[in-house]
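Q: Quick one: sequence and predicted model below, then my questions.
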Amino acid sequence: MASPSWPPFHRPINLIVLLLLLHQTVSAIKFNLPAYYYPPKKCIWNQAHTDTLVIVTANVGAGQDQRTDIEIVDSSVKRNVYLSKRNITGETRLAVTTHAEGEVGVCLVNHLEHCEF
């Protein structure tokens, strides 16, 4: 008697590989960042080890008379500032390598530029 032929995704190894392929390793955060003349910083923090490559993708929509700035910092004793960029627009990709163990913060500020009414 011949052994039953399993459909391709009923074999245990194929199922495990399929589950690993479907596992998402990317996460995203979406929020509104109102513009002010004296805007507060909005920071998002995440744990990172020393010498870790941190990649940030920011999608900033167009806003009339607005300027969005970004800064990547850490929570170490030295308070390293890895990157500071003014007036980011559209999709912006940034990469830094950490110098210290701790949390890395991506801080955004949305300035309301001078406008005439």
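A: In hand now; what should we look at?
Q: give me the element Y82 is part of.
A: Y82 belongs to strand 81-85 when assigned by DSSP states H and E.
Q: and that strand, what's its mean pLDDT?
A: Averaging pLDDT along strand 81-85 gives 94.
Q: Contacts for that strand next, please.
A: 54, 69-74, 92, 94, 96-99, 104 (Cβ atoms under 8 Å, 6 or more residues apart in numbering). All C-beta spots, glycine's among them, are computed from the backbone N, C-alpha and C.
Q: quick one: least confident of the residues you listed?
A: Within the contacts of strand 81-85, lowest confidence goes to H99 (88).
Q: Please list all residues in contact with it.
A: Contacts here follow Cβ under 8 Å, 6+ apart; on that basis H99 touches T50, D51, D74, S76, K78, N80, Y82.
Q: Ok, I29 next?
A: I44.
Q: tell me which element it falls in.
A: Per DSSP H and E, I29 falls between elements, in no helix or strand.
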